[in-house]
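*Asks:* Need a 3D model of the sequence below.
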Amino acid sequence: MMTLFRFLVLLLGTVTMSVESLWALEINKLHLPMTRDEADSTLSKDYEIMVLNDGSVRRSWKLEDKTVFVDFNTQTNEAILIAIVYDKPVPRKKGEADAHTIAAGKYDQDAGWDPAKDAESREMLRNTFGLENALRKKLKDKSMLFMETKETKTRKVRVIRVSLFSRMPSTNRWALKPVSKDAETTALGNQWSSEHLTALYNDEERRRELPLKTDDTVSPPAEQQPSITPSGSKVTVSVHRSVPQPPAPERTAMGRASGSSAATPPANQSGEKVRIKLDKGQEGSVNATFLVEPPDWLKKVGIKNPEWWHYIVLGIAALLLLITVLRSISHSMSAASGRKNFEKVVAQAPLRGSIRPRK
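*Replies:* I've put the predicted structure just below:
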């Protein structure tokens, strides 16, 4: 019994570590150039979303001892900045290793870390770019890698932040303010509106729901993501297929669109919805796992699209809990039985010093 219990504990620990590694962000997957579309399918989904007051989007991942974030230009969808901010200053060797990971393939092995040449350069880095005590490593392209340091009382150099810019920054990105989704008035400027802000957040939530790519499957484009709804003995797969939008009609001086085709909009202008019904057991062309709708408590812990191995892990955890309860009950029953036997022996034992009757 004990051997089985230890085996299950070891198995659960191994599976738990594997699941955590699947959920956690892998820094070696960060690189420049990178687009939001690529990030949607390759980076873990456990990030926080933040729209900044310059109209960019920041995705932040909280890891064990640091926070990693990527800023995206929402007009070009390209990553602007990859940054690693440590909870506490780390040794320079650790900071350099993380910096080299996100800038892999962009620097020569003999390239060193160069400080600012003079006081004017240090002032520009501090006030314009928000970089304090920064060292820079020269890269092979236009991107720029910085490592900000801090000297301790024992004169040891510690790293507080690592940043990789797609090109020379034109503003202090550390000073940008987040804008909440429900903000009545925003600081995005005249070119942004509250509708645009809401659309940015909604688009980010939509992107978070897109599945990650695996080695054996390739996710369809965003506009072709299948919507799967089980119904009775059949499974309905709804595929939304985007239809190219026609160019906007020209307007005349009277304010009406020119041409007879403007009066009647083309059919299916907002997109075409194709519904495919599959009998159970029938092979479908859509690569999906037909599992029941997950309960709400699974979604709260981050499992929005459970697969079969999720249920295996939950089953093992339930089994371990049941074994623990049974062992506790068995131990309590054994203790109670022992106390009862002890009381019986004490009751039957003769008292010391008692006078035995003469024969």
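
*Asks:* Check which strands are paired with the lengthiest strand in the chain and give the direction for each one.
*Replies:* As assigned by DSSP state E, the longest strand anywhere in the chain is strand 79-91. Note on strand 79-91: by DSSP bridges, its sheet partners are strand 66-72 (antiparallel), strand 157-165 (antiparallel).

*Asks:* helices or strands next to the helix or strand just after it in the packing?
*Replies:* Scanning forward in sequence from strand 79-91 by DSSP states H and E, the next helix or strand is helix 92-102. Packing partners of helix 92-102 (3 or more Cβ pairs under 8 Å, 6 or more residues apart in numbering; DSSP states H and E): strand 79-91, strand 144-151, strand 157-165. Every residue, glycine included, has its C-beta placed from N, CA and C.

*Asks:* Tell me which stretches of the protein form strands.
*Replies:* Ranges of strands in the chain, per DSSP E, are 48-52, 57-62, 66-72, 79-91, 113-115, 134-137, 144-151, 157-165, 178-179, 226-231, 234-241, 272-279.

*Asks:* Out of these, flag the one nearest A199.
*Replies:* Distance to A199, taken as Cβ to Cβ, is lowest for strand 48-52 among the strands of the chain, at 10.3 Å.

*Asks:* what number of residues lie near P33?
*Replies:* Using other Cβ atoms under 10 Å, P33 has 10 other residues around it.

*Asks:* I should have written R208 there, sorry.
*Replies:* R208 has 14 neighbours, counted by other Cβ under 10 Å.

*Asks:* now E123
*Replies:* 11.

*Asks:* how close does it sit to L200?
*Replies:* Look at E123 and L200: by Cβ to Cβ, to the nearest Å, they are 34 Å apart.

*Asks:* for A79, same thing?
*Replies:* 16 Å.

*Asks:* if we can go back for a sec, can you say which of the helices and strands packed on helix 92-102 is nearest to S180?
*Replies:* strand 79-91 (21.0 Å).

*Asks:* Same question for the closest one: list its buried residues.
*Replies:* A79, I80, L81, I82, A83, I84, Y86, P89, V90 (16 or more other Cβ atoms under 10 Å).

*Asks:* export those residues to JSON lines and tack on distance to R59?
*Replies:* Converted to JSON lines, the buried residues of strand 79-91 look like this (distance: Cβ to Cβ, whole Å):
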{"residue": "A79", "distance to R59": "10"}
{"residue": "I80", "distance to R59": "12"}
{"residue": "L81", "distance to R59": "11"}
{"residue": "I82", "distance to R59": "10"}
{"residue": "A83", "distance to R59": "11"}
{"residue": "I84", "distance to R59": "13"}
{"residue": "Y86", "distance to R59": "18"}
{"residue": "P89", "distance to R59": "24"}
{"residue": "V90", "distance to R59": "22"}
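
*Asks:* pLDDT for the residues you listed - can I get that in JSON lines?
*Replies:* Output for the buried residues of strand 79-91, formatted as JSON lines (pLDDT from 0 to 100):
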{"residue": "A79", "pLDDT": "97"}
{"residue": "I80", "pLDDT": "96"}
{"residue": "L81", "pLDDT": "97"}
{"residue": "I82", "pLDDT": "98"}
{"residue": "A83", "pLDDT": "97"}
{"residue": "I84", "pLDDT": "98"}
{"residue": "Y86", "pLDDT": "97"}
{"residue": "P89", "pLDDT": "95"}
{"residue": "V90", "pLDDT": "96"}
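
*Asks:* So what touches stretch 138-145?
*Replies:* Applying Cβ atoms under 8 Å, 6 or more residues apart in numbering, the contact partners of stretch 138-145 are 32, 99, 102-103, 106-108, 111, 114, 136-137, 162-169.

*Asks:* Buried ones among those?
*Replies:* 32, 99, 102-103, 106-107, 136-137, 162-166, 169.

*Asks:* Nearest to N53 among those?
*Replies:* P169 (15.8 Å).

*Asks:* Run through the residues that contact that closest one.
*Replies:* L81, T128, F129, M144 are the contacts of P169 under Cβ under 8 Å, 6+ apart.

*Asks:* Can you give me the distance of it to D54?
*Replies:* 12 Å.

*Asks:* before we move on, what about I329?
*Replies:* Going from I329 to D54 by Cβ to Cβ gives 61 Å.
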